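*Asks:* sequence isn't available, so here's the structure alone:
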């Protein structure tokens, strides 16, 4: 189910809804409270930009993402949403948690339609993941 982008200014909200219609962006606690739509992603950051020509939305600084429909929460230094490809790219000290499983990386790409994460480390470091493995019931 598609939802709208949510900014403080109604004209900006309408512009962003026309761009991609899949993420809700909230950047200020002073904004009028509005309930997220089912299947929406809430993105909070210090700065957000939207490019109508490319369909790319960029968030920088203290990025926090909440995607309740897929039980995903994430933090990063920067996030870019490519609305045409439905791809979210997080960079800079990325931490993602989903249903108790977690991943740390320098860069993480989330392919929304596939529900797939692709993580890359910084330089000579490694990606770190923690998975909850349940034992089969006997």
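*Replies:* Yes, it's here. All of these numbers come straight from a predicted model, not from anything done at the bench.
*Asks:* okay, CA-based contacts and neighbour counts for the rest of this
*Replies:* OK.
*Asks:* just for the chain, where's the confidence low?
*Replies:* Along the chain, segments meeting pLDDT under 70 span 1-38.
*Asks:* so which residue is smack in the middle of it?
*Replies:* In the chain, the C-alpha nearest the mean C-alpha coordinate belongs to residue 65, at 4.7 Å (CA atoms, centre = their mean).
*Asks:* quick one, strands of this protein?
*Replies:* All strands of the chain, identified by DSSP state E, fall at 24-25, 42-44, 47-51, 56-67, 72-82, 87-98, 101-111, 116-120, 128-130.
*Asks:* any chance of those strands in JSON lines, plus distance to residue 138?
*Replies:* What follows is these, written out as JSON lines (distance: least, CA to CA, whole Å):
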{"stretch": "strand 24-25", "distance to residue 138": "43"}
{"stretch": "strand 42-44", "distance to residue 138": "40"}
{"stretch": "strand 47-51", "distance to residue 138": "51"}
{"stretch": "strand 56-67", "distance to residue 138": "34"}
{"stretch": "strand 72-82", "distance to residue 138": "30"}
{"stretch": "strand 87-98", "distance to residue 138": "26"}
{"stretch": "strand 101-111", "distance to residue 138": "24"}
{"stretch": "strand 116-120", "distance to residue 138": "31"}
{"stretch": "strand 128-130", "distance to residue 138": "25"}
